[in-house]
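> what's the 3D shape of this:
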Amino acid sequence: MNEQKFAGRVGIVTAAGAGIGRAIAHEWVLGGGLLVATDLQQAAADHVITEIETMGGEGLAVEMNVTDLDQIKAMVPRVMERFGQIDALFNVAGNNSMRTVEEAEDAEWQFIIDTNLMSIYRISKRVIPEMRKGGGGVIINIASAAGILAENRCSAYSASKAGVINLSRNMAMDFVDDNIRVNTISPGGTETPRIKGYMDQFPDHAKMLKDACLMGRMAQPSEIAKPAVFLASDDASFITGANLLVDGGMTAGKVFPLFDEIQG
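You can find the predicted model right below:
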């Protein structure tokens, strides 16, 4: 185990079964934290708990659809019954739809907003009172570089992730007196199983990544998880309302190769 920064602290991770959520779950437990792993599939949540138990960790697996209010309402009492406190919440669950506004159906648009944005409102609303009772806590919301620099054909996704960033700022202001810090991580392209499966359909995806990102590659989930867990630690005790871009330079600016050819 690493330094026990989170010993005795309870952290909830949504979409913990794979990708960024799974990586955050591992990092949290490596720091000594107790884990609540929620996932759309019970088997995926169970698997993560099995993994962290082999690391010496302890946790609770919860099947939870982040768009289902009844399941969200049922999750919090289970956590309190098992651990008696909630110290950190990592809102990771998200989805995308490659549709313009003209193409998207109302139900499809609403599903993306519900998954990416409304879920953060619904889960945080139920968790914040328990954090307050415990003297405070930390909420880390996963947004996207697409919330800063919109991506074509991702209208609902870009809109929802921009909403996550500003919602997090608003929450940081509203709950600072309760000793609750709220921050956002905005990843660029990350090699999760879902994204990797999509990118593998395009033989020239390596060139596309090089053109889209200064570092010329996708992030590994652990490269998103480590900054997220840092923001949940006491090392980030004076950080709230922040949006940390972890995007390999995707939003740093536009590179014009022609300029490199200009001499003098």
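> where in the stretch 51-200 of the chain is pLDDT low?
The model of the stretch 51-200 of the chain has pLDDT under 70 over residues 193-200.
> show me where it has strands.
Applying DSSP state E, counting those that start in this stretch to the stretch 51-200 of the chain gives strands spanning 59-63, 88-91, 137-142, 180-187.
> turn the ones you listed into JSON lines, including mean neighbour count and distance to residue 173.
Quick note: C-beta positions are derived from backbone N, CA and C, even for glycine. Shown next, in JSON lines, are the strands of the stretch 51-200 of the chain (neighbours: other Cβ atoms under 10 Å; distance: least, Cβ to Cβ, whole Å):
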{"stretch": "strand 59-63", "mean neighbour count": "21", "distance to residue 173": "30"}
{"stretch": "strand 88-91", "mean neighbour count": "29", "distance to residue 173": "17"}
{"stretch": "strand 137-142", "mean neighbour count": "26", "distance to residue 173": "13"}
{"stretch": "strand 180-187", "mean neighbour count": "26", "distance to residue 173": "9"}
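> can you check which of those strands gets nearest to residue 100?
strand 180-187 (22.5 Å; Cβ to Cβ).
> just want the angle from that closest one to strand 137-142.
Interaxial angle of strand 180-187 relative to strand 137-142 (axes from the mean of the first three to the mean of the last three Cα atoms, to 10 degrees): 20 degrees.
> for residue 126, which non-adjacent residue is spatially closest?
residue 76 (4.7 Å; Cβ to Cβ, 6 or more residues apart in numbering).
> what ranges do the helices span in the protein?
19-30, 42-54, 69-83, 106-113, 119-133, 155-174, 193-199, 205-212, 221-231, 257-261 (DSSP state H).
> quick one, which of those helices is packed in tightest?
The highest average neighbour count among the helices of the chain, using mean count of other Cβ atoms under 10 Å, belongs to helix 19-30 at a mean of 27.
> roughly how far is that helix from the heart of the chain?
Put simply, helix 19-30 sits 11 Å off its chain's centre (Cα atoms, centre = their mean, to the nearest Å).
> can you check stretch 235-253 too?
The answer for stretch 235-253 is 13 Å, by Cα atoms, centre = their mean.
> CA atoms only: put that stretch into CSV for me.
Extracted in CSV, the C-alpha atoms of stretch 235-253 (Å, rounded to 0.1, in the frame of the first residue of the first chain):
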residue,chain,number,x,y,z
ASP,A,235,-2.7,18.0,-0.2
ALA,A,236,-5.4,19.9,-2.2
SER,A,237,-7.0,21.4,1.0
PHE,A,238,-7.0,25.0,-0.5
ILE,A,239,-8.4,24.0,-3.9
THR,A,240,-12.1,24.3,-4.5
GLY,A,241,-14.1,25.4,-7.6
ALA,A,242,-11.2,24.4,-9.8
ASN,A,243,-11.4,22.7,-13.2
LEU,A,244,-8.2,20.8,-13.8
LEU,A,245,-7.6,20.0,-17.5
VAL,A,246,-5.8,16.7,-17.9
ASP,A,247,-5.8,16.6,-21.7
GLY,A,248,-2.3,16.3,-22.9
GLY,A,249,-2.4,19.9,-24.2
MET,A,250,-5.5,19.5,-26.3
THR,A,251,-6.9,22.9,-25.2
ALA,A,252,-3.5,24.7,-24.9
GLY,A,253,-3.9,26.3,-28.3
